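Asker: Okay, here's the prediction I keep looking at, along with the sequence it came from:
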Amino acid sequence: MSTRGGAIIRAGLLMALSVAVLPASAAAAGTSAAPEFSLTLQDLRTITAALPKTVQDRIIGDARPFLNLLSRVLDEPAEYLVLVDKSHPLPAGSVPPDLVSLAAYPLSVSRGDLLLRKAIMPDVLALSAAARADGVTLLFSSSYRSYEYQKAVYEREVKTYGQQAANRESARPGTSQHQLGTAVDFGSITDAFAETKAGRWLMAHAEEYGFSLSFPKGYESVTGYRYESWHYRYITKTAARLQKEYFEDIQQYLLEFLHDNRAALEAKRLPAR
């Protein structure tokens with residue numbers, strides 16, 4: 001073999017090796033990051049830029065599994081993932097179409113007038129039955145609230161505790177997750193609930209049944225509300241898994257991400273192969 005021929009072969013081998021050891025992010029920067037979307041990693045960096053860096057790094061570092069799970073979340077009914085907070089209110093006349101009485105089911109309820117959406121009741125019942133099998137009784141203390149009901153609750157809180165304190169723990173009418181018919185307050189609705197058997201059980205298992213703690217400890221600046229160990233919202237099992245694995249288990253991060261990017265993500269989805 002000539003010296004020139006050997007040099008050409010060595011150069012080719014070096015080029016192949018350099019491509020092989022490129023980081024996945026560099027190699028895929030201009031190509032689709034996953035078969036479910038026509039998104040490059042740069043696109044993904046752009047749409048996750050508003051998230052905390054730790055969340056963004058987790059998503060970018062695991063882009064393909066993230067997008068696969070995200071695609072499944074986008075197939076869930078969008079009404080379960082509506083962003084409702086101090087900046088994103090519901091209309092006064094917004095009422096879920098399928099409310100049913102919890103008193104009609106084998107559940108432990110604090111009052112006979114509690115309502116939730118019928119569509120989520122299979123998972124509600126599964127949650128309660130699983131807790132009961134572990135020797136835990138879940139007491140359903142508050143559920144659906146109409147706009148007018150929430151108005152009365154908020155005004156009572158303001159009168160009792162003052163405006164500033166009320167704003168930390170009570171939603172103005174239209175901004176309460178309870179109006180969705182998919183949020184539940186459990187137990188005593190006090191800080192003591194966190195250390196009860198029911199409170200600890202929910203923290204460990206609620207996500208398995210599609211429920212997510214809405215206002216976790218230490219995130220008041222993110223959620224707008226102080227820690228509420230008793231307040232859970234149904235977001236589907238798939239979304240609860242996505243929240244835990246990629247959004248630091250913070251519901252607000254997930255819901256804001258979907259609110260800001262759902263339309264763009266849907267536009268970039270590809271047909272199943």
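Answerer: Happy to help now that I have it. Keep in mind that this is a model prediction, so the values were computed, not measured.
Asker: Tell me the buried residues in stretch 101-112?
Answerer: For stretch 101-112, the neighbour count (16 or more other CB atoms under 10 Å) marks Leu102, Leu107, Val109, Ser110 as buried. The way it works is simple: take the backbone N, C-alpha and C, and place the C-beta from them, glycine included.
Asker: How about the first one, nearest residue that isn't a chain neighbour?
Answerer: Distance criterion CB to CB, 6 or more residues apart in numbering; nearest residue to Leu102, sequence neighbours excluded, is Leu114 at 4.3 Å.
Asker: need the contact list for that neighbour.
Answerer: Shown in contact with Leu114 (CB atoms under 8 Å, 6 or more residues apart in numbering): Ser101, Leu102, Ala103, Phe140, Ser142, Ser143, Tyr144.
Asker: give me that answer again for 6 Å
Answerer: If you count contacts by CB atoms under 6 Å, 6 or more residues apart in numbering, Leu114 has them with Leu102, Phe140, Ser143.
Asker: Ok, Phe186 next?
Answerer: Phe186 is in contact with Leu138, Trp230, counting by CB under 6 Å, 6+ apart.
Asker: swap the cut-off to 7 Å and go again
Answerer: Contact partners of Phe186, counting by CB atoms under 7 Å, 6 or more residues apart in numbering, are Leu138, Leu139, Phe140, Ser141, Phe193, Ala198, Leu202, Trp230, Tyr232.
Asker: before we move on, what about Lys217?
Answerer: For Lys217, the contacting residues are Tyr227, taking CB under 7 Å, 6+ apart as the criterion.
Asker: And the one 5 residues further on, by the same measure?
Answerer: The neighbourhood of Val222, defined by CB under 7 Å, 6+ apart, consists of Ile250, Gln252.
Asker: Quick check: the gap between it and Phe247.
Answerer: Taking CB to CB, to the nearest Å as the criterion, Val222 is separated from Phe247 by 11 Å.
Asker: what's the neighbour count on Thr175?
Answerer: Number of residues near Thr175 (other CB atoms under 10 Å) recorded here: 19.
Asker: Which phi and psi values does the closest residue to it other than its chain neighbours adopt?
Answerer: In space, not counting the residues next to it along the chain, Thr175 is nearest to Pro89; the distance is 4.8 Å by CB to CB, 6+ apart. Backbone torsions for Pro89, taken as degrees, to the nearest 10, come to phi -80, psi 160.
Asker: can you map out the strands along this protein?
Answerer: Defined through DSSP state E, the strands belonging to the chain, from first to last, are 99-101, 108-109, 115-117, 139-142, 183-186, 211-213, 231-234.
Asker: Could I get the average pLDDT for the fifth one?
Answerer: Along strand 183-186, the predicted confidence averages to a pLDDT of 98.
Asker: strand partners of that strand, parallel vs antiparallel please.
Answerer: Sheet pairing of strand 183-186 (DSSP bridges) gives strand 139-142 (antiparallel), strand 231-234 (antiparallel).
Asker: For the last one, list every residue counted as buried.
Answerer: Translated: strand 231-234. Neighbour-count burial for strand 231-234, counted by 16+ other CB under 10 Å, picks out His231, Tyr232, Arg233, Tyr234.
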